[in-house]
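A.B. asks: Any chance you could fold what I've pasted below:
(one chain, ligands or ions: 1)
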Amino acid sequence: MVHAIRIHQYGGPEAMRWEAVDVGAPGPGEIRIRHHTVGLNYIDVYHRSGSYPLAALPAVIGMEGAGEVLAVGAGVTGLEPGDRVAYANPIGAYAEERIIPAERVVKLPDAIPYQTAAAMMLQGMTAEYLLLRTFKVGPETTLLFHAAAGGVGLIACQWARHLGATIIGTVGSDEKAEQARAAGCTHVINYRRENFVERVRELTGGKGCDVVYDGIGKDTYPGSLDCLKPRGLWVSFGNASGKIEGFDLGLLATKGSLYATRPTLFTYIAKRDELVASANALFDVVARGIVTINVNQTYPLSAAADAHRDLEARRTTGSTVLLP
Ligand code: NDP
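C.D. replies: Below you'll find the predicted structure:
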């Protein structure tokens, strides 16, 4: 038996219980790993609260981890006990040990510590697909990134700076504004104090942005659409403030023949070769010092409830990890 954080029903942070679970032996195509570090992501809150319903309860939540291979099941090639690996899905990460399909993990380069890996796999591969595949960001791009000092935000802004983009970031405090600036934001807007739509219009000389990356959802809708140029792209990739209800397709017409997409990382890394390419792109920018992974909070895994409280109360910046 090992310990894990499980939920038996959806609810607040108190729904998470630290309890003994049986992990078992890996089946065909699976491996058993011991986590050295587990990653915290906003999707864990949606899974815990039931905003994104799970296949079954009770469930071990958590999408991201890094650790060593303990055992491999039948038919697994290219991995052996002792290998250092990391992953960003499927669910089941808030545990000391777990079983996972071998094809969902990537081997970690020696230069990447477990803690960095667990802090970056999900948020970093998200930055990769958002900036390179959902839209191709380059020197000509002006983009708006909401929650620029968050986990995805700090990684995406550093990466977008490297791509040469003009970056407008929004943040909820002055301290976060400094972090966003250090990560490469050309302009930072404190959207608790300032009207972000008006500021974006000013900063772009009335033109608007080519692309808006919005992980906030309810509170920034439909304002984010007003920050775009005609035929610009609205990337709604999360709902930290709540889901957008009653999306009006007609707004895309009235606000300038806009494009909209609601992507998720799991489509973009569904195929093994996409997962490997995305992870390698991330390892590359981290190894070259283009992107620094800011692990700004750590908690014992058994205290995951405290981590959720801080994340939901907007008290965290950058990445957060949980230590088994
Ligand atoms: P963050 O570290 O960015 O934390 C969320 C941040 O959102 C807060 O720190 C806060 O920053 C901001 N925020 C604004 N309003 C609220 C609110 N009402 N409640 C809570 N937070 C609020 O989290 P992640 O980096 O893990 O994720 C960022 C977003 O990206 C999430 O929506 C997540 O679901 C999404 N995501 C989507 C993926 C995809 O593929 N679709 C993959 C990964 C993440 P501030 O105080 O500066 O406003």
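
A.B. asks: and stretch 56-64, how far apart are its ends?
C.D. replies: 19 Å (Cα to Cα, to the nearest Å).

A.B. asks: what does stretch 36-51 give?
C.D. replies: End-to-end distance of stretch 36-51 (Cα to Cα): 28 Å.

A.B. asks: got it, and stretch 72-84?
C.D. replies: The first and last residues of stretch 72-84 sit 13 Å apart, counting by Cα to Cα.

A.B. asks: in it, what counts as buried?
C.D. replies: Neighbour-count burial for stretch 72-84, counted by 16 or more other Cβ atoms under 10 Å, picks out Val72, Gly73, Val76, Leu79, Asp83, Arg84. Quick note: C-beta positions are derived from backbone N, CA and C, even for glycine.

A.B. asks: ok, the closest residue to Leu108 other than its chain neighbours - contacts?
C.D. replies: In this structure, Leu108 finds its nearest non-sequential neighbour in Arg84, 4.3 Å apart by Cβ to Cβ, 6 or more residues apart in numbering. Counting by Cβ atoms under 8 Å, 6 or more residues apart in numbering, Arg84 makes contact with Ala66, Gly67, Glu68, Lys107, Leu108, Asp110, Tyr114.

A.B. asks: so is the residue nearest to the second one when sequence neighbours are not counted in a helix, a strand, or just coil?
C.D. replies: Beyond its immediate neighbours in the sequence, the residue positioned closest to Gly67 (Cβ to Cβ, 6+ apart) is His35, lying 4.1 Å away. Secondary structure state of His35, per DSSP: H, G, I helix; E, B strand; the rest coil, is strand.

A.B. asks: quick one: contacts for His35?
C.D. replies: The neighbours of His35, taking Cβ under 8 Å, 6+ apart as the test, are Gly65, Ala66, Gly67, Ala93, Ala95, Glu96, Glu97, Arg98, Ala118, Leu301, Pro324.

A.B. asks: on that earlier part again, quick one: the residue nearest to Leu108 from His36, how far?
C.D. replies: Distance, Arg84 to His36, by Cβ to Cβ, to the nearest Å: 8 Å.

A.B. asks: anything in contact with each of those two?
C.D. replies: Ala66, Gly67, Glu68, Tyr114.

A.B. asks: out of the residues you listed, which are buried?
C.D. replies: Neighbour counting by 16+ other Cβ under 10 Å classes Ala66, Gly67, Tyr114 among those as buried.

A.B. asks: quick one: which of those is nearest Gly223?
C.D. replies: Nearest to Gly223 among the buried ones among the shared contacts of Arg84 and His36, counting by Cβ to Cβ, is Ala66 at 36.8 Å.

A.B. asks: Doesn't the closest one belong to a strand?
C.D. replies: Yes. The assignment for Ala66 is a strand, going by three-state DSSP.

A.B. asks: Please verify my assumption that it contacts Ala93.
C.D. replies: No. Ala66 is beyond contact range of Ala93, at 9.6 Å (criterion: Cβ atoms under 8 Å).

A.B. asks: for the stretch 51-200 of the chain, what spans make up the helices?
C.D. replies: 114-129, 151-162, 174-182, 196-203 (DSSP state H, counting those that start in this stretch).

A.B. asks: Now render those helices as a markdown table, adding mean pLDDT.
C.D. replies: Listed next are the helices of the stretch 51-200 of the chain as a markdown table, based on pLDDT from 0 to 100:
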| stretch | mean pLDDT |
| --- | --- |
| helix 114-129 | 99 |
| helix 151-162 | 99 |
| helix 174-182 | 98 |
| helix 196-203 | 98 |
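
A.B. asks: Dump those to JSON lines, plus distance to the ligand.
C.D. replies: Shown next, in JSON lines, are the helices of the stretch 51-200 of the chain (distance: least, Cβ to the nearest ligand atom, whole Å):
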{"stretch": "helix 114-129", "distance to the ligand": "4"}
{"stretch": "helix 151-162", "distance to the ligand": "3"}
{"stretch": "helix 174-182", "distance to the ligand": "5"}
{"stretch": "helix 196-203", "distance to the ligand": "11"}
